[in-house]
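**Q** give me a model of this one.
(one chain, ligands or ions: 1)
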Amino acid sequence: MKKITIATDWLDGCSGCHMSMLDMDERLVELIKMGVELNATPITDFKEPTEEVDIGILEGAVSTNHHIEVVKNMRNKCKILIAIGDCAVFGGIVTMRNYFSVEELLRRGYIETESTVDGKIPTSPEIGKHTKLAKAVNQIVKVDFYIPGCPPRADAIYYVLKELVEGRKPLLVGDLLRYD
Ligand code: SF4
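**A** As a prediction, the model looks like this:
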């Protein structure tokens, strides 16, 4: 059986798209039986692809210099890149920040929120520097397939992965584009 390797990562989002992937439930086992092997994900030990993978999946908008590195690295390491969820597909809710400056954004998020006491804008290099605008993944690198939705349905994610694993080109139509 041919092995199909998959790596996923998340950018600026809420992790909901990864939760939707987990919602494939027993169909995750079906994919594994079909030869799928997870190389790296934010919720497993390896966070970044350790080798070239067949399919890369990105959730979230590109919002910091660190995200740009993650996106380019995933593009370089995968044969097929999928943008999953509205944030990755067209920027989604994250792009609401584009109406404000980065300074206003950070001040609102870390100092001015009603529940914050003695807030401080974090300066750790691990967080990365916010870019002026939040962008969709395809504004940084070429994307091969899109799975829109906030989050996309587990059925749609399963369909796309199954089609690709079986060597077909997925076409999301009808109920697969219905969001609850
Ligand atoms: S598309 Fe929706 S569910 Fe997915 S990361 Fe963005 S906000 Fe979260």
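
**Q** can you count the residues close to Tyr99?
**A** Counted with other CB atoms under 10 Å, the neighbours of Tyr99 add up to 8. C-beta: built from backbone N, CA, C; applies to glycine.

**Q** tell me the pLDDT at it?
**A** Note on Tyr99: pLDDT of 97.

**Q** cool, and Phe145?
**A** pLDDT, Phe145: 97.

**Q** now it: closest residue in space that isn't a chain neighbour?
**A** Distances taken as CB to CB, 6 or more residues apart in numbering put Ile82 closest to Phe145, at 4.6 Å, once the chain neighbours are dropped.

**Q** skipping adjacent residues, who's closest to the spatially most central residue of the chain in space?
**A** Central residue of the chain (CA atoms, centre = their mean): Glu59, 1.0 Å from the mean position. Closest residue to Glu59 apart from its sequence neighbours, by CB to CB, 6+ apart: Cys17 at 3.9 Å.

**Q** which residues of this protein score low on pLDDT?
**A** Within the chain, the ranges that satisfy pLDDT under 70 run 180.

**Q** now do the helices in it.
**A** Taking DSSP state H, the helices of the chain run over residues 16-22, 26-33, 65-77, 86-90, 102-107, 154-165.

**Q** tell me what the last one is packed against?
**A** Pointing back at helix 154-165 there. With contacts taken as 3 or more CB pairs under 8 Å, 6 or more residues apart in numbering; DSSP states H and E, helix 154-165 sits against strand 4-10, helix 16-22, helix 26-33, strand 78-84, strand 145-147.

**Q** to Arg107, which of these lies closest?
**A** Evaluated over those, closeness to Arg107 peaks at strand 4-10, with 24.8 Å, by CB to CB.

**Q** could you export the helices and strands packed on helix 154-165 as a markdown table, including distance to Gly167 and mean neighbour count?
**A** What follows is these, written out as a markdown table (distance: least, CB to CB, whole Å; neighbours: other CB atoms under 10 Å):
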| stretch | distance to Gly167 | mean neighbour count |
| --- | --- | --- |
| strand 4-10 | 10 | 23 |
| helix 16-22 | 21 | 20 |
| helix 26-33 | 14 | 13 |
| strand 78-84 | 11 | 22 |
| strand 145-147 | 14 | 23 |
